[in-house]
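> no sequence on hand, only this structure:
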C-alpha cells in the first residue's frame, strides 16, 4: 500500500467523522435521493444541470484532485462526486451555490493568471499547486465538503458509484444481522406463572 493511499484514507476518515452523525441522520433521505440521481447522471454522462460547461470542467478537475484516482484505486471521479455537487447546489445545498460558483471561478482565474490556461487544462502537478494555494480561500471548504459527501454517500441507496468511497477506506458493505443474544438477558429469569 502506498503512502498516498494511506494519506487519502486518513483524510477521508477524518472528513467523514467531521460531518457529524446527527446532521447526516436528519438529512439521510434527502442525501440518498440526491446521491442516487448523481450516480445515474454520472453513469450516463449527462450534462450538469446547475453549472455551466466551464464550471463543470473546473469542478470535475477539482474533485479529481481532492480524491484522486491513483495506483489502481478509484477516486471522486469514479464515484460521480462532481454530479453530486451539481445536484446538491440546485437542491438541498442551494445556500452553497454561490460559494461553489465563486470558488470554481476563483480557481480557474488563478490558473489562467499563473499558467495561462484553465484549471482543467493544467497537468496534475500544476493543479495540485493551484489547489494548495486555494486551500486558504473561504470558498474551498464548500467545494471540498460536497466532494467528500459525494464520495461517501450510501452506496446501497444509490450513493457513491460501485462503493468507490468505501473501497478507498477499506470498508466492505456487509450486513450483520446477528444480535448479541444472551448478552443483555443473561440474568433474566421469567416469572413463574400459576395460581394457587
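It's in. This is a predicted model, so every value here is computed, not measured. Numbering: from 1, shown residues only.
> roughly how far does the residue lying closest to residue 124 once chain neighbours are set aside sit from residue 85?
Leaving aside its sequence neighbours, residue 124 sits nearest to residue 65 (C-beta to C-beta, 6 or more residues apart in numbering; 6.9 Å). C-beta coordinates here come from the backbone N, C-alpha and C atoms, glycine included. Per C-beta to C-beta, to the nearest Å, residue 65 is found 14 Å from residue 85.
> okay, the two: which has more neighbours?
Under the neighbour definition other C-beta atoms under 10 Å, residue 65 and residue 85 were set side by side, and residue 85 has more, 31 against 19.
> what mean pLDDT does the strand or helix carrying the more buried one get?
In the assignment (DSSP states H and E), residue 85 maps to helix 81-89. Mean pLDDT, computed over helix 81-89, is 87.
> start the count at 69, not 1, going forward
New numbering, starting at 69: the last item is helix 149-157.
> elements contacting it?
helix 89-112, helix 121-134, helix 165-183, helix 208-220 (3 or more C-beta pairs under 8 Å, 6 or more residues apart in numbering; DSSP states H and E).
> by contact count, what packs against the shortest one?
Helices and strands touching helix 208-220, by 3+ C-beta pairs under 8 Å, 6+ apart, are helix 71-86, helix 89-112, helix 121-134, helix 144-147, helix 149-157, helix 165-183, helix 232-237.
> list the contacts of the third one.
Contacts to helix 121-134, defined as C-beta atoms under 8 Å, 6 or more residues apart in numbering, come from residues 115-116, 119, 143-145, 149-150, 153-154, 168-169, 172-173, 175-176, 186-188, 190, 192, 195-196, 199, 211-212, 215-216, 218.
> state the mean pLDDT of stretch 168-181.
Averaged across stretch 168-181, pLDDT comes to 96.
> list the buried residues in that stretch.
For stretch 168-181, burial by neighbour count (16 or more other C-beta atoms under 10 Å) applies to 168-169, 171-172, 174-176, 179.
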